[in-house]
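When you get a sec, could you give me coordinates for this:
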Amino acid sequence: MRRTASVFLLLAAAPALAQAPQPRPDPTTWQRAIAAGYKAAMLCSGVFNAGRTEAQVEADELKGIYPEYGAIVPTLTATVDRRTATVTVPFAPDLPPRRATWRSGAGCTGAPIGSGVPADLESHGTPPGPAGADPRPWPMGDAGLRPRPSQALSAAVAKAFDHQSYGRGETVGVVILRDGKLVAERYRTGFGPFTSNRTWSVAKSIAGTLAGMATGQGRLRPDSAALLPEWSAAGDPRSAITLDNLLRMASGLHSETAGNRTDAIYFGGSAVDQETVHWGLEAKPGTRFRYANNDILLSVLAARRATPGLTPSSALFGPLGMAHTVAEQDWRGNYVLSSQVWSTARDLARLGQFWLQDGVWQGQRLLPEGWVRYMTAPSGPQPASGPGYGATLWLFGPAQGLPAGSYAAQGNRGQYVMVVPSERLVVVRRGEDGGDARFDPAHFTADVIAALR
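Below is the predicted model of the structure:
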């Protein structure tokens, strides 16, 4: 009886225990942590990768950002330490400040929320500052570049900066190549030929290019499945996802938001191999297009595991003379190649020309023959509206007022690398478009074509 009574008393007390008031987490702590990480990342990369001042970064990269962080960022105080190449931003009284650290050749890396300074993120010391002009001739270097655009082409380029002809966006740089020659170039005050800014999703097309290099080494094929050991358990349906599915945004994996925002990776200090591998399926692979940062991050993770020596710098940036471009990593060493690359307009023009030449550079084939054709083929499910999608490149044509076969790499805040093969043309537009400001790259490119005829 005593045991029965005791059990009865415990059961009777259970509802009361369950109803006891529990401390609630501050709903703004996470947003403040992400906002602090955003500020640390942008200041670190803007100052140490690009050589811009804190005031310039505050005026451009830290304006017009996501609304849930936009009101918080100005209230947070950042400390930029040029001696140790670090940026710290306090955000909560009981947690360490968010911290981003610059390292030579690696750009800036954010530490996880709640972390101090992991040993692997120790600074390499005071950065020397961004590189200047490369004395080699174009396209490997910058010697002898004195574009003399026609009056019509100059007028078209000027319109890209007027905040109205192609939308209300904030253009910070334009470079135009015709037949591989630099024929027009212009920058807004505060930017120049050697001033980098974040590529955002133009990096996805860099990821697609590196995937081609991995296939060239025979380690992967577009139809390769069972890509990750995290998906290898018996019965895991994700083992059916192919590299092609990932590159075409057709994995079928769930994501919490349209566009699959990855704030935890970009600004929260989460690692790619922690955050992306655990989402489950919600559609059969290869049957649905859904824009997803995770798909590209997973493709890079698979390619890097298959070809450990393949790095953006050694395989692509170095051979193409992209000396002012850096691919940043998370704190575990994974490349964040869905967004986190800093580059200049000239370097992105080199990349566009490389695609236009079918992956051949200075007479050397760096991509498997036909890989650019693969990147620009609209195989599989397509977006419901707007340009089509290949394997990390957007597909333009007469529906957008451009010649058939045109394609582009595109990124947030107005980053565009437009390639028009029939016109032997590469058009690069760099932007810092904040909020709902937009730029129309197809209209601009059409005007450039008209001016060149």
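
quick one: contacts for the spatially closest residue to Gly64 that is not a sequence neighbour?
Leaving aside its sequence neighbours, Gly64 sits nearest to Gly434 (C-beta to C-beta, 6 or more residues apart in numbering; 1.5 Å). (Each C-beta comes from the backbone N, C-alpha and C, glycine too.) Gly434 is in contact with 63-65, 170, 413, counting by C-beta atoms under 8 Å, 6 or more residues apart in numbering.

Then Thr189?
Contacts of Thr189 by C-beta under 8 Å, 6+ apart: none found.

Surely it is within a helix?
No - in this structure, Thr189 is coil, not part of a helix, as judged by DSSP: H, G, I helix; E, B strand; the rest coil.

can you give me the helices for the stretch 351-453 of the chain?
Counting by DSSP state H, counting those that start in this stretch, the stretch 351-453 of the chain has helices at residues 371-375, 441-452.

any chance of the contacts of Gly434 in TSV, plus pLDDT, neighbour count and distance to Trp231?
What follows is those, written out as TSV (pLDDT from 0 to 100; neighbours: other C-beta atoms under 10 Å; distance: C-beta to C-beta, whole Å):
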residue	pLDDT	neighbour count	distance to Trp231
Lys63	95	15	40
Gly64	94	16	38
Ile65	94	19	34
Glu170	98	20	42
Arg413	97	24	33
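
Pull the most distant pair out of the residues you listed.
Maximum pairwise distance among these (C-beta to C-beta): 13.1 Å, between Ile65 and Glu170.

Domain parsing of the chain, as residue ranges.
28-120, 197-452 (automatic domain parsing).

Tell me which of the ones you listed lies nearest to Ala133.
Per C-beta to C-beta, nearest to Ala133 of those: domain 197-452, 9.5 Å.

got any ranges where the stretch 1-150 of the chain has weak pLDDT?
1-27, 117-125 (pLDDT under 70).

the strands in it, which residues?
Taking DSSP state E, counting those that start in this stretch as the criterion, the stretch 1-150 of the chain carries its strands at 79-81, 86-89, 98-103, 107-110.

got these as TSV, with mean neighbour count and distance to Ala271 columns?
Output for these, formatted as TSV (neighbours: other C-beta atoms under 10 Å; distance: least, C-beta to C-beta, whole Å):
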stretch	mean neighbour count	distance to Ala271
strand 79-81	15	24
strand 86-89	24	19
strand 98-103	27	15
strand 107-110	26	10
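
and the ones you listed as JSON lines, adding distance to Thr29?
As requested, these are arranged in JSON lines below (distance: least, C-beta to C-beta, whole Å):
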{"stretch": "strand 79-81", "distance to Thr29": "21"}
{"stretch": "strand 86-89", "distance to Thr29": "14"}
{"stretch": "strand 98-103", "distance to Thr29": "12"}
{"stretch": "strand 107-110", "distance to Thr29": "17"}
